[in-house]
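**Student:** Quick one, what's the 3D model for this:
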Amino acid sequence: MRIAEVSNLKLEDIITSERVLLVHGKGKKQRLLYISSIETWNNLKVWLTIRKKLKVNHDYLFVNKYHNTLSIYGIENIFTKYRDKSGISLSATPHYLRHTFATNLLANGADLRSVQELLGHFSISTTEIYTEVNTMRKKIVLKKYNLRNNPNRDNVLPFFIFNIINI
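**Tutor:** Next up, the predicted model:
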């Protein structure tokens with residue numbers, strides 16, 4: 001989800017019987033997002049129980065420490081806090097997680113059209129950017145790890161074959 005979509009989620013957007021969120025995307029487009037992870041779904045249910053005890057007086061799903069709607073900036077601040085504590089790249093952002101999600105789906109065999117629908121992209125060309133990222137990654141891996149690209153392959157390949165024969 002985009003950070004604004006998370007910030008704007010309301011209680012009425014949760015379809016508990018289906019483990020689905022109704023996401024309000026760009027251009028007033030809506031999409032259904034299935035929560036496939038049991039752990040994520042269970043965490044959401046725990047949050048709903050906690051939220052009820054807070055006696056929040058609005059219907060936005062996520063709230064800040066003052067029980068107001070959790071804004072985009074609030075989400076970014078929380079992300080930055082935990083990003084810094086975890087030691088991951090300082091260039092990581094909440095949107096970076098979205099890119100990583102899409103890239104991983106494609107790398108693991110998801111079709112482009114399904115990823116487009118999950119991300120809420122209007123145009124397939126927007127989603128195709130992720131295939132380029134995936135292709136670049138494959139090129140890097142092949143250049144680095146393919147024995148044919150190894151300058152010492154004359155030494156490596158016979159050693160490799162010798163070890164296979166002697167197994």
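
**Student:** Against Arg31, how distant is the residue nearest to Asp84 when sequence neighbours are not counted?
**Tutor:** Once flanking residues are discounted, Asp84 sits nearest to Leu90: 7.7 Å by C-beta to C-beta, 6 or more residues apart in numbering. In this view, the C-beta of every residue, glycine as well, is placed from N, C-alpha and C. Distance, Leu90 to Arg31, by C-beta to C-beta, to the nearest Å: 31 Å.

**Student:** neighbour-wise, which of those two wins?
**Tutor:** Arg31 (15 against 9; other C-beta atoms under 10 Å).

**Student:** mind pulling up the phi and psi values for that one?
**Tutor:** The phi/psi pair for Arg31 (degrees, to the nearest 10) reads phi -150, psi 160.

**Student:** pretty sure it is in contact with Leu21, am I right?
**Tutor:** No - taking contacts as C-beta atoms under 8 Å, Arg31 lies outside contact range of Leu21: 9.1 Å.

**Student:** How about the secondary structure of the residue nearest to Asp84?
**Tutor:** coil (DSSP: H, G, I helix; E, B strand; the rest coil).

**Student:** center of this structure - which residue?
**Tutor:** Centrality entry for the chain: nearest residue to the mean C-alpha point is Phe101, 3.1 Å, by C-alpha atoms, centre = their mean.

**Student:** which SSE is the residue lying closest to Ile124 once chain neighbours are set aside in?
**Tutor:** Nearest residue to Ile124 in three dimensions, chain neighbours excluded: Gln116, at 5.4 Å (C-beta to C-beta, 6+ apart). In this structure, Gln116 is located in helix 112-119 according to DSSP states H and E.

**Student:** ok, Leu48 - contacts?
**Tutor:** When contacts are counted by C-beta atoms under 8 Å, 6 or more residues apart in numbering, Leu48 is found next to 11, 14.

**Student:** buried residues in the helix or strand harbouring Leu97?
**Tutor:** Taking DSSP H and E as the criterion, Leu97 maps to helix 94-107. Residues 94, 102-103, 105-106 are the ones in helix 94-107 that count as buried (16 or more other C-beta atoms under 10 Å).

**Student:** any idea of the angle it forms with helix 112-119?
**Tutor:** Helix 94-107 and helix 112-119 are oriented at 150 degrees to each other (axes from the mean of the first three to the mean of the last three C-alpha atoms, to 10 degrees).
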